[in-house]
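**Student:** Fold the stuff below for me.
(chains A and B)
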Amino acid sequence: DVKVTQSSRYLVKRTGEKVFLECVQDMDHENMFWYRQDPGLGLRLIYFSYDVKMKEKGDIPEGYSVSREKKERFSLILESASTNQTSMYLCASSLRQGATYEQYFGPGTRLTVT
Amino acid sequence: AQKVTQAQTEISVVEKEDVTLDCVYETRDTTYYLFWYKQPPSGELVFLIRRNSFDEQNEISGRYSWNFQKSTSSFNFTITASQVVDSAVYFCALSEEGAQKLVFGQGTRLTINP
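**Tutor:** Residues are numbered from 1 along each chain as shown, chains lettered A, B, ... in the order given. Below you'll find the predicted structure:
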């Protein structure tokens, strides 16, 4: 079974804090993704990575950065958290190109910025 | 540009009723993939199905069935004899060949009442 884990289920941070969200997958997947989920907007892609140290911007990268130093771990960083970044954050992983494979998701981190 | 529309924001039915969740997509590619995911209250998205654009056969898996029609750019999902455990948010998603990224619809919240 593919397992994608996220470091926290719930997180409360203050405006201006630096926030790290961690994601680990155990299936040797090349691709990893960070989404945010907001009511009425579905899931929107923030960043994704197709290899160690490689990253590409998604649809809403502003205010976020990412780090992938090891294949199994993909971190999302909020350099200076703002209230409009209060959201549910979902990490996912998938096999790499050749075909488009389904993504496997973690349980999500509900982040509140006050 | 890719787009997925799930026009039904919320659906509520009584247990044992059949229910259909609509999904309409837009893409310029001839090769693409369509997905359905289920998000139960626990928050983790669960993969249900992947179809490629060359396979228009309807698929049935137990009480679940999917109707893919290229002529109307739709990929609808039907639950037969619904059960309370089917209550969840359901997402339809699209990916173009080699794109690796998924574009999600807004989601449909399905509530099955006992």
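
**Student:** Near chain A, which residues of chain B are found?
**Tutor:** B:4, B:6, B:9, B:33, B:35, B:37, B:42-47, B:50, B:91, B:95-102, B:104-107 (Cβ under 8 Å from any Cβ of the partner chain). The way it works is simple: take the backbone N, C-alpha and C, and place the C-beta from them, glycine included.

**Student:** one more time with 7 Å, if that's ok
**Tutor:** B:33, B:35, B:42-45, B:47, B:50, B:91, B:95, B:97-102, B:104-107 (Cβ under 7 Å from any Cβ of the partner chain).

**Student:** Tell me how far residue A:26 lies from chain B.
**Tutor:** Taking Cβ to the nearest Cβ, to the nearest Å as the measure, residue A:26 and chain B are separated by 15 Å.

**Student:** contacting residues around that residue?
**Tutor:** Counting by Cβ atoms under 7 Å, 6 or more residues apart in numbering or on different chains, residue A:26 touches A:3, A:72.

**Student:** So for it, what's the pLDDT?
**Tutor:** Confidence at residue A:26, expressed as pLDDT, is 94.

**Student:** swap in residue B:96?
**Tutor:** Reported pLDDT for residue B:96: 85.

**Student:** Run the contact check for stretch A:33-50 versus chain B.
**Tutor:** Yes: interface with chain B: stretch A:33-50 contributes A:40, A:41, A:42, A:43, A:45, A:48, A:50 (Cβ under 7 Å from any Cβ).

**Student:** Look at residue A:15 and say how many residues are nearby.
**Tutor:** Residue A:15 is flanked by 11 other residues according to other Cβ atoms under 10 Å in any protein chain shown.

**Student:** hang on, isn't it packed against residue A:113?
**Tutor:** Yes: here residue A:15 lies in contact with residue A:113, judged by Cβ atoms under 7 Å, at a distance of 6.0 Å.

**Student:** quick one on the thing from earlier: tell me the most packed of the residues of stretch A:33-50 next to chain B, by neighbour count.
**Tutor:** Scoring these on neighbours with other Cβ under 10 Å, the highest-scoring entry is residue A:43 at 27 neighbours.

**Student:** residues in contact with that one?
**Tutor:** A:35, A:37, A:90, B:91, B:104.
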